[in-house]
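Novice: Give me a model of this one.
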Amino acid sequence: MKVQNSKITILILIGVLFLTISSVYAETAEGCFNRGHDYSLQGNWSQAISDYNKAIEINPNYWQAYLGRGIASYSQGNFTQTLSDYTKTIEINPNVPGIYGLRGYIYARLGNFAQAIHDLTKDIETNPNNASSYSLRSFSYAKLGEYDKAWTDVHKAQELGYTVDFEFLDNLKKASGRDK
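Specialist: Sure thing, here's the model as predicted:
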């Protein structure tokens, strides 16, 4: 009887120890996100993505983790994943400052200039002094052959203090047949 009580006591202690250790190592979405953010700051993109994935697994509506993973994926050149993560960020919280500009940039990188213009226009509506969005939208308009709109955005970007790439301006002049 004494041996059996000792076994039960040991099993109970092991169970308590397991529960204690499990709770110490229980991860929260915020904890995983913070660790992912720290890895991002170090440029350890793979580990950052792994932690952002854990945060999303714990809380599928944690938009900050999608945004962080999108940035990390961009840094690895995975624009398709970046686009997906920025889109999910917008689905969860469409009011994240600058998110439409970020996604517009990715659309332009992927050659979807019409969608880039759409997102950059939304970004400009919320932040009308974002010169880089005007510049990128100008590039997108030029790619679609909408030169008057491209020039309008070039001028607005310059008015806001943005230095537009000389090569782009030269190409726009040639393509549009005008100087300004």
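Novice: quick one, what contacts the nearest residue to residue 58 once chain neighbours are set aside?
Specialist: Nearest-residue entry for residue 58: residue 29, 4.2 Å, with adjacent residues in sequence omitted and distances by Cβ to Cβ, 6 or more residues apart in numbering. Yep, even glycine has a C-beta here, placed from its N, CA and C like the rest. Contact analysis of residue 29 by Cβ atoms under 8 Å, 6 or more residues apart in numbering lists 54-56, 58-59, 62, 65.
Novice: Next up, phi/psi of residue 29, please.
Specialist: phi -60, psi -40 (degrees, to the nearest 10).
Novice: pLDDT at it, what is it?
Specialist: For residue 29, the pLDDT comes out at 95.
Novice: Over to residue 78?
Specialist: Looking at residue 78, its pLDDT stands at 97.
Novice: Adjust the sequence numbering to begin at 3 for everything that follows.
Specialist: Okay, residue one is now 3; in that scheme the one you just asked about reads as residue 80.
Novice: quick one: the helices in this protein?
Specialist: Taking DSSP state H to define them, one finds helices in the chain at 4-27, 31-43, 47-60, 65-77, 81-94, 101-111, 115-128, 133-145, 149-161, 168-178.
Novice: Residue 47 and residue 77 touch, don't they?
Specialist: Yes: contact criterion Cβ atoms under 8 Å: residue 47 and residue 77 qualify, at 5.0 Å.
Novice: Roughly how far does residue 132 sit from residue 67?
Specialist: Distance, residue 132 to residue 67, by Cβ to Cβ, to the nearest Å: 25 Å.
Novice: Please say which of the two ends up with more neighbours.
Specialist: residue 67 (29 against 20; other Cβ atoms under 10 Å).
Novice: Please verify my assumption that the more buried one contacts residue 36.
Specialist: No: counting by Cβ under 8 Å, residue 67 does not reach residue 36; the two are 10.3 Å apart.
Novice: Could you report the separation of the residue lying closest to residue 110 once chain neighbours are set aside from residue 125?
Specialist: With Cβ to Cβ, 6+ apart as the criterion, residue 110 has its nearest non-adjacent residue at 4.0 Å, and that residue is residue 118. Distance, residue 118 to residue 125, by Cβ to Cβ: 10 Å.
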